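Enquirer: got a structure for you, letters missing:
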């Protein structure tokens, strides 16, 4: 019990009961108890034989939880993504390609931008088939050779 005593061994024992609405404050300091007397006091309290008067316990309202910021929500969103999902990988490739197209075609004109967009859509749709052909897809997604 000595490590629990702070402030020159003047720590008081408080017994809280009835859904934290009532409490009993023990007048004896905690440092004066040994194992046996503390056990006897707890036994008296549990058996409702204690002579210590109950008083109303103070209501302690916990602080509200901290609000999550937009950055925290984005970090959680990115962490929960399944990066091995082929559809997600394809969408990321398409978005990155469109961003690269916008950056590359700032000065190339509308005709070349439209042609590049068509090329990206063709190659973007072919990526899963190319990956399957190169052996990157799981067994269930791969088409085997035709048998005659």
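Expert: Structure's in. What do you need? Note that the structure is a prediction, hence the values are computed from the model and not measured.
Enquirer: switch to C-alpha atoms for all contacts and neighbour counts from now on
Expert: Fine.
Enquirer: Pretty sure residue 83 sits against residue 89.
Expert: Yes - with contacts counted by CA atoms under 8 Å, residue 83 reaches residue 89, the gap being 7.0 Å.
Enquirer: Comparing the two, which residue is more hemmed in?
Expert: residue 89 (14 against 11; other CA atoms under 10 Å).
Enquirer: List the buried residues for the lengthiest strand in the chain?
Expert: Longest strand in the chain, counting residues (DSSP state E): strand 22-29. When neighbours are counted by 16 or more other CA atoms under 10 Å, the buried residues of strand 22-29 are found to be 23, 24.
Enquirer: Direction included, what does that strand pair up with?
Expert: Here strand 22-29 is paired, per DSSP bridges, with strand 12-17 (antiparallel), strand 55-56 (antiparallel).
Enquirer: That one: what's the following helix or strand?
Expert: helix 35-46 (DSSP states H and E).
Enquirer: Packing partners of the helix or strand harbouring residue 91?
Expert: Following DSSP H and E, one finds residue 91 within helix 86-104. Helices and strands touching helix 86-104, by 3 or more CA pairs under 8 Å, 6 or more residues apart in numbering; DSSP states H and E, are helix 110-133.
Enquirer: what separates residue 114 from residue 125, distance-wise?
Expert: 17 Å (CA to CA, to the nearest Å).
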